[in-house]
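**Q** Need the 3D shape of this:
(2 chains)
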Amino acid sequence: MDAKAVVAVPDRCSGCKQCELICSFVYEKGYSPRLSRIKVVHFEDRGLSVPVTCAYCDRPVCEEVCPVGAMTHNPDTGAALVKEELCLGCKECVNACPLGAVEMHPGKRVALRCDLCGGDPACVRHCSYKALKFEPSHLGVKSKRRARVEAWNLE
Amino acid sequence: MYQHIKDILHVDLTKQTWWREPVRKEELLHYLGGRGISARILWNHVRPGVDPLGPENLLIFAAGLLSGTAAPSSGRTTVTCLSPATGLYMKTNAGGYWGGELKYAGYGHLVVHGRSEKPVFLWIDDDRVEFRDATALWGLDVRAADGAIKHQLEDQDIQICAIGQAGENLVNFAAVMFSVYNAAGRCGAGAVMGSKNLKAVAVRGSGAIVPAKPDRFHQLVLESREKLLAESGIEGMYLYGTAGSLNWVNEMGVFAAYNFQRSRLDDVYSLTGQCLAEEGFLKRRVACFSCIIGCHRYATVEQGEYAGTYSGGPELETMGAFGTGCGILKTEAVMKANELCNIYGLDTISTGAVIQWAMECAEKGALGPEDLDGEPLQWGDAAAVNKMIKKIALREGFGAVLADGVKKAAQHVGADSWKWAVEAKGLEQSRVDTRSAKSYALAFAVNPRGADHLHTETFAEFGLSPESRDLIKQITGDEKYASPYLTEKRAEIVRWHEDCYAATDCLGFCAFSSTALYGITPQAMAALFSAFTGFDLTEAELMEAGKRVVTLERCFNVRLGATRKEDLLPWRLMNEETPDRPGEKAINTMEELDGMLDRYYELHGWNVESARPTRESLARLGMNDVADELADAGCLGD
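**A** Have a look, this model is predicted:
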């Protein structure tokens, strides 16, 4: 059974960035897209927006490259963890993450990575467009398959 | 001074210098932020005698006080200056993402002074402000300029507002475009930007906004989200956008067609938001920064002669400006006109208005083929319209005449053509036919920037939703006044809406959140203001501050000589009936308008003959300095 992760539904994302604002407030008591653990990627001229956050890779390269063991995760929930007291700010994880989901905290100079709010992600709860889901990835795959077959419009 | 209240950034393009100015507490409590503080800055700096297109005019960009926070739908930006279209006060407002970014860079306002010798763009990167050469960008359309600047600065996530060729060529109704497709369109702010040789303002901010009382503020944010999401109209706005109501306003006989000769057509489905969605043009539903309504669209054309067209929108007004207005009932053709306006940086409302006026002139013989560069301009000719849009933006041929706006164009053409120029104070009117919507009639007449709906949106008078009927009852004491043909109680309805609308703009909320949907109430705004600033403000004080903003805007025009005779509606809407109100003909009479105006000035406490504020009315609002200055200029209403 896959662990639950924050999964984006690109078709439904409006680009409003409420997820970024809610995330930064929950963790930093301030509103700032730069401090958010989830990031909306915008292509303004094409009206296209897609939220990107930690994918909870089965082989987390960010953890593998960390020289001091600051990047880790909870083996039970899968939630990522940054041991800020250990983090050197060397940015190996930032460079290694192929999704661009890890960034540096601009103030603290430590890695910034989604920890799933301990199991009830605020971004998912507050997305009024239902563009974010919190579910095991195999469920997402199932619904994607169904949607594709449905689109064939077979009688 | 306060971490949450961002500074005013002044930039002088002549001297290439910049400086910061903190916002004082009294100013904030008096004028709330955003539009209100901009009005105050304009009042202080732009005095009678300033040329709208000269270096002494200011161009003021303002994020809302709450822009950049999670307050729902609070990310809008206001642009304020002396208008080249009207010669009077103007503010125009846009969505997109730029305002929030300005706040994260550390500024609530950007005040542009002077005029650069060569084309420049501003690059505001937190504490760094740079004047960058824009010679290579001059002549580019908005979309191309946006792309080129992002490429040059090596960051696709920065926020840009820019002008297109229309602004460079000082077209009277050039827009400032934000985040590519969001227009601060009305009254020619783009021309003012062009006159300053300012192509664009690029912003990147890495800061955070921390309210004075963070937990209280966030709690209020979550509550106002719930209230707004529960509005009965919100789903329709999301699904079909502004043009989702087009069929309905057409059926009511209030949607202008053929240059206001008609106000209802038989079948307008092709222009509706429903058509965009159902016929496959709509690709995505788009929201502005922090907005939970999501009424903006992204639509494309994939097949046929307009294949390759892509843009944000089109909105209701644009569907009217080129669709019913020019007699073009083809979705793709209007989408093309919309795209052209967006990339040239033109206000769609005015662009459609001048073209449909020219069509009527051609039909009635006031303009011959030789006047129109040998090219016919007939109702419904989409190819000719799209050609003319380009000629306006580039000031080519007859496009140069239309580029001066319909009022000056009518002076140029002569004969009876001024009667068909549907403008007031020099601004081409937006699409609501005020002959069958009397709050709109009054609101348009007293609007300091000319006849349109975006100073005071009085949508509630149609009584379309339970929320709007409740509001009308709250204002007038009886739900029966939710009826747009009545002239009774219209002044009361306009007064409530103009204060609420002003507060809405000051805080950065979208008018749709508070005066079309009603989820963001004045009470909620006051509570959010208090928690955000740490300065307690009651609902009554918030509405009073809105009134103060409206009054100062009036005073700005009064200082320029404006009187009651400017508070008029376009000639056609006062003198020609529309056949299209269901069951009867409709018109605005002077008697009707005078009655509503008298009551409106009375409610403000202004002099009813001159429509000028009295010392007493200003003193009540704590605006004695404004009263002194009007007295010195001999234009106080006493």
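
**Q** hey, let's count contacts and neighbours off CA atoms from now on
**A** OK.

**Q** Can you pull out the low-pLDDT segments for chain B?
**A** B:1-2 (pLDDT under 70).

**Q** and the residue of it positioned farthest from its centre, which of the three is it?
**A** Distance from the centre of chain B peaks at residue B:370, with 35.4 Å (Cα atoms, centre = their mean). Three-state assignment for residue B:370 (DSSP: H, G, I helix; E, B strand; the rest coil): coil.

**Q** contacting residues for residue A:48?
**A** By Cα atoms under 8 Å, 6 or more residues apart in numbering or on different chains, the contact list for residue A:48 reads A:14-15, A:42, B:284, B:286.

**Q** try 10 Å this time
**A** A:10-11, A:13-15, A:40-42, B:283-286, B:298 (Cα atoms under 10 Å, 6 or more residues apart in numbering or on different chains).

**Q** wait, the residue farthest from the centre of chain B sits on residue B:376?
**A** Yes: Residue B:370 lies in contact with residue B:376 (Cα atoms under 10 Å); the separation is 9.2 Å.

**Q** per-residue confidence at the residue most central in space within chain A?
**A** The centroid of chain A falls nearest to residue A:53 when counting by Cα atoms, centre = their mean (1.9 Å). Note for residue A:53: predicted pLDDT of 91.

**Q** How about the residues of chain A by chain B?
**A** Within chain A, the positions adjacent to chain B are A:10-22, A:24-26, A:28-35, A:40-49, A:106-107, A:126-129 by Cα under 10 Å from any Cα of the partner chain.

**Q** Go again with 6 Å.
**A** Proximity of chain A to chain B, by Cα under 6 Å from any Cα of the partner chain, involves residues A:14-18, A:21, A:30-32, A:34, A:47.

**Q** hmm, back to that, state the distance from the residue farthest from the centre of chain B to residue B:397.
**A** Using Cα to Cα, to the nearest Å, we find residue B:370 at a distance of 11 Å from residue B:397.

**Q** Next: residue B:199.
**A** In terms of Cα to Cα, residue B:199 sits 24 Å off from residue B:397.

**Q** Looking at those two, which one has more neighbours?
**A** residue B:199 (31 against 15; other Cα atoms under 10 Å in any protein chain shown).

**Q** Assess the claim that that one and residue B:121 are in contact.
**A** Yes: counting by Cα atoms under 6 Å, residue B:121 is a contact partner of residue B:199 at 5.3 Å.

**Q** ok, residue B:426 - contacts?
**A** Counting by Cα atoms under 6 Å, 6 or more residues apart in numbering or on different chains, residue B:426 touches B:85-86, B:407.

**Q** between those, which has the most around it?
**A** Among the contacts of residue B:426, the one with the most neighbours (other Cα under 10 Å) is residue B:85, at 28 neighbours.

**Q** Give the phi and psi angles for that one, as a check.
**A** Dihedral angles phi and psi of residue B:85 (degrees, to the nearest 10) take the values phi -80, psi -40.

**Q** In contact with it, which residues?
**A** B:172, B:187, B:426.

**Q** about what we covered before: and of the contacts of residue B:426, the nearest to chain A?
**A** Relative to chain A, the closest of the contacts of residue B:426 is residue B:85; by Cα to the nearest Cα it sits at 28.8 Å.
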